[in-house]
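Novice: Provided below for reference: sequence and predicted model.
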Amino acid sequence: MEKNSPNANSDKDAPVSDGVPAPEGPANLIDTDYVIGQDNVTTRKFGLDVDLHGKVFTISSLLILFFVFITLALQDEVEPVFNAIFSFLTGNLSWFFLLAANIFVILAVALIFTPMGKVRIGGAHATPDFSYLGWFAMLFAAGMGIGLMFYGVSEPLTHFGTALGGTSMENGVRTDWAPLGAAAGDQDAAMSLAMAATIFHWGLHPWGIYAVVALALALFSFNKGLPLTMRSIFYPVLGERIWGWPGHVIDILAVFATLFGLATSLGLGASQASAGLAYLFDIPNNDVTMVLLIVGISAVALISVLVGVDKGVQRLSQLNMVLAFLLLAFVIAVGPTLAIATGFFKNLGSYLADLPALSMPFGREDANFSQGWTAFYWAWWISWSPFVGMFIARVSRGRTVREFLIAVLLVPSLVSVLWMTAFGGTAIDQVITDNFQGVKDAALELQLFVMLGQLPLTQITSFVGIVLVMVFFITSSDSGSLVIDSITAGGKVDAPKPQRMFWAIIEGVIAIALLLGGGLTALQTAVITTGLPFTLVLLVACYAIVKGLLSEPRS
Amino acid sequence: MFKKIMVPVDLAHTELLKPSLDLAADIAKLYQADTCYISVTANTPSALAKTPEEYAQKLEAFAKEQGQLHGQEVSSKVITSPDPVADMDDAILQAIDDTDADLVIMTTHLPRRLDIVMPSNGSKVASHTDVSVFLVRHSD
């Protein structure tokens, strides 16, 4: 470490005082008088140390309490309000989401090929904290893990059905949900359209969204010396004002989206996992099972946040990667192996061929698909991006921008193609070849297990599937708690441990309260509406990335 | 009796460290032992330093200042971590090996109930190393 500091040897005889100069050369630090943690409240209550950003912590806690309260108390009143706001957003602003997401992907891809790709996160001499495998496992687990389990089978199958059904018109408006121009009656064309549409939602665009947030945060924290919180992205635009209310609002919004995003998906996930357990092992599918699942998941997440990123999140993510790989390899081996192998390239091809049409923000005829599916997904990914982006940023120090973008954008997109081809392709194959309708007719959360039920060793693979779902929840919960903790601590990653425990527990408590009291879907809708303000944040992030990278030395 | 003393310090809380620093200086003088001041710090910017390199410079300066108190050889070492709160114990144990220290002098808080769930760094280090560990209590 000493070797890395250029001034370490030169100022041996310099007077020792507080005037130690910042290192020059390896990174281009922003010169600000703001001291990280200067707005923090540090105290000791009930034998617990506390180190929190007063305003961000207090207001986001109150806001969270308020939303839990009104959702529980006025469930029937708030649900239509959230739904109306949300359908207004996806209905009228879908072009905005689609256009913005395209910008993120284009920027992320372009940066790989520019000289700016040579900039190293953390300065020219920084070294990575994690191995490639550990790093990638964490990126993937935080980014989508759980979604792939639930939508890997159901989404390709749904698009296959609607595409095969063709288009239908009523008063000059399309009423079908098929992507693009559909593929009425043509099974092969319907299959490639279905796979292209699914991969579109799980490929470059979501990862482009995450890459933009993560890269902006990593750059402004590790290279520019600003605290690791959302507000730092805004420095090139707002300057010193980010330390005041504009910054507080951005951070509070990020805490809100992260906490409720995690709590609602934990609640909904528990009901899905419980349905899976009932289907597989005849465990009663009721509130007790669900609450026990949430308590169990939160308890493991709690241990994981206590032992930290390295020994907690990283190890669980690696475990997950191994399990997911085994499940994937199994499906490829015992499923229609040849069809999956050729399907991978075929689907990749149809994805790239349909990409311009699918991502076109204007003049879409398939309004149901582009608004109900694509805009919904984009808002969803964007509302998750503060959490996923911040976590990815935190573990990516020491990588070059090019390395980072290949690992965050290209590799996960290819893995998504393979995963969707294997799971979705097998399910569609069961429909086409065996005329097996069971998967199509099953409830969303059971489709994976019904599909696995048609393959050998069902008990084992389904069990692996359930374990994967749970561990993915644990990794989301613990990495989310770490992210919320550092935002509410003003960007400190070394705040006292009880704070991260607090967030891990609160997440589980809110999930249980909403599960028993109702309102999980209503609040999830509210979370996704934060996709709109965050889209603006991300557009600023694009500007900030370019501006920030241009002033960095290239290694 | 001791050849190399390792003193884990957190530059953000130097006022709390005073007793253990004074003790380390006295023992260093008594046995003419080298002292190595180590810190485990976040790789993200902190209140004290915007980069780990800057923190390393501050620690080096701090070590020299301490050296003037006891007149023995000093050195310093910074260990960076993406999650310093969680990695503290392991990082200190690793540093004991790396620095070849035969005595660790570190500050620790008074025993409290929470220690059952989250043991103090001092007791964790003491129970996982062969070298002698001197825990200096501070009451806050």
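Specialist: Looks like it came in fine.
Novice: For residue 56, give me the pLDDT.
Specialist: You didn't pick a chain, so chain A it is. Looking at A:V56, its pLDDT is 91.
Novice: ah, no, chain B please
Specialist: For B:A56, the pLDDT comes out at 91.
Novice: Can you give me the neighbour number for it?
Specialist: If you count neighbours by other Cβ atoms under 10 Å in any protein chain shown, B:A56 ends up with 26. (C-beta placed from N, C-alpha, C; glycine too.)
Novice: Find the nearest non-adjacent residue to it, please.
Specialist: In this structure, B:A56 finds its nearest non-sequential neighbour in B:V78, 4.4 Å apart by Cβ to Cβ, 6 or more residues apart in numbering or on different chains.
Novice: One more: B:G122?
Specialist: B:T108 (3.3 Å).
Novice: related to what we said a few turns ago, quick check: the residue nearest to B:A56 is in a helix.
Specialist: No. Per DSSP: H, G, I helix; E, B strand; the rest coil, B:V78 lies outside any helix segment and is strand.
Novice: beta partners for it?
Specialist: Assessed by DSSP bridges, B:V78 has beta-bridge partners B:S39.
Novice: who touches A:D176 in this structure?
Specialist: A:162, A:165-168, A:182, A:368 (Cβ atoms under 8 Å, 6 or more residues apart in numbering or on different chains).
Novice: Quick check: which element contains it?
Specialist: Here A:D176, judged by DSSP states H and E, is contained in no helix and no strand.
Novice: SS state for A:F362?
Specialist: Secondary structure state of A:F362, per three-state DSSP, is coil.
Novice: can I assume it is in contact with A:W95?
Specialist: Yes. Contact between A:F362 and A:W95 holds when scored by Cβ atoms under 8 Å: they sit 5.8 Å apart.
Novice: more neighbours, those two?
Specialist: A:W95 (16 against 7).
Novice: State the phi and psi torsions of the nearest residue to the more buried one once chain neighbours are set aside.
Specialist: Nearest non-adjacent residue to A:W95, counting by Cβ to Cβ, 6+ apart: A:P361, 4.3 Å away. Main-chain dihedrals, A:P361, degrees, to the nearest 10: phi -80, psi -20.
Novice: how many neighbours does A:P361 have?
Specialist: For A:P361, the count of nearby residues is 17 (other Cβ under 10 Å).
Novice: how much space is there between whichever residue of the stretch 101-250 of chain A sits closest to chain B and A:Q437?
Specialist: Nearest to chain B, among the residues of the stretch 101-250 of chain A, is A:G225, at 3.1 Å (Cβ to the nearest Cβ). Using Cβ to Cβ, to the nearest Å, we find A:G225 at a distance of 59 Å from A:Q437.
Novice: pLDDT value on the residue of chain B found nearest chain A, please?
Specialist: Relative to chain A, the nearest point of chain B is B:A86 (2.3 Å; Cβ to the nearest Cβ). B:A86 is assigned 87 on the pLDDT scale.
Novice: can you tell me the helix or strand for the nearest residue to it once chain neighbours are set aside?
Specialist: Nearest in space to B:A86, with sequence neighbours left out and distances taken as Cβ to Cβ, 6+ apart, is A:G308 at 2.3 Å. Per DSSP H and E: A:G308 is located in helix A:287-308.
Novice: Quick check: buried residues in that helix?
Specialist: Neighbour-count burial for helix A:287-308 flags A:289-291, A:293-294, A:297-298, A:300-302, A:304-306, A:308 (criterion: 16 or more other Cβ atoms under 10 Å in any protein chain shown).
Novice: Make TSV out of these and add pLDDT and distance to A:A108.
Specialist: Listed next are the buried residues of helix A:287-308 as TSV, based on pLDDT from 0 to 100; distance: Cβ to Cβ, whole Å:
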residue	pLDDT	distance to A:A108
A:T289	90	41
A:M290	90	38
A:V291	92	41
A:L293	91	36
A:I294	92	35
A:I297	91	32
A:S298	92	34
A:V300	93	33
A:A301	92	30
A:L302	92	34
A:S304	91	30
A:V305	90	30
A:L306	89	34
A:G308	86	29
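Novice: Which pLDDT does the model give the residue of chain B most remote from its centre?
Specialist: In chain B, B:R113 marks the outermost C-alpha relative to the chain mean, sitting 23.9 Å out by Cα atoms, centre = their mean. In this model, B:R113 is scored at 71, pLDDT.
Novice: ditto for the one 10 residues further on
Specialist: Predicted confidence (pLDDT) at B:S123: the value is 84.
Novice: Please apply the same query to B:P8.
Specialist: In this model, B:P8 is scored at 91, pLDDT.
Novice: quick one: it and B:A101 touch, right?
Specialist: No. The criterion here is Cβ under 8 Å, and B:P8 misses it with B:A101 at 10.2 Å.
Novice: what sits in contact with each of these two?
Specialist: Shared contacts of B:P8 and B:A101, defined by Cβ under 8 Å, 6+ apart, comprise B:A95.
Novice: Kindly report the residues of the stretch 401-550 of chain A close to chain B.
Specialist: Applying Cβ under 8 Å from any Cβ of the partner chain, we find that the stretch 401-550 of chain A lies next to chain B at A:482, A:491-498.
Novice: Measure how buried A:T32 is and give me the count.
Specialist: Counted by other Cβ under 10 Å, the residues lying close to A:T32 total 16.
Novice: Next, it: phi, psi?
Specialist: Dihedral angles for A:T32 - degrees, to the nearest 10 - are phi -130, psi 150.
Novice: Next up, the contacts around residue 79.
Specialist: Reading this off chain A. Residues near A:E79 by Cβ under 8 Å, 6+ apart: A:519, A:521-522, A:525.
Novice: wrong one, I was asking about chain B
Specialist: Contacts of B:I79 (Cβ under 8 Å, 6+ apart): A:1, B:38-41, B:91, B:94-95.
Novice: C-alpha coordinates for stretch B:76-84, PDB please?
Specialist: Extracted in PDB, the C-alpha atoms of stretch B:76-84 (Å, rounded to 0.1, in the frame of the first residue of the first chain):
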ATOM      1  CA  SER B  76       3.100   2.000   9.700                       C
ATOM      2  CA  LYS B  77       0.800  -0.200   7.600                       C
ATOM      3  CA  VAL B  78      -2.700   0.400   6.200                       C
ATOM      4  CA  ILE B  79      -5.000  -2.400   5.300                       C
ATOM      5  CA  THR B  80      -7.900  -1.500   3.100                       C
ATOM      6  CA  SER B  81     -11.100  -3.400   3.000                       C
ATOM      7  CA  PRO B  82     -14.400  -3.000   1.200                       C
ATOM      8  CA  ASP B  83     -16.100  -3.700   4.500                       C
ATOM      9  CA  PRO B  84     -13.700  -2.700   7.300                       C
END
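Novice: so how far is it off the chain centroid?
Specialist: Centroid separation for stretch B:76-84 versus its chain: 11 Å, with Cα atoms, centre = their mean, to the nearest Å.
Novice: Going by neighbour count, which residues in that stretch are buried?
Specialist: For stretch B:76-84, by 16+ other Cβ under 10 Å, it's B:76-84.
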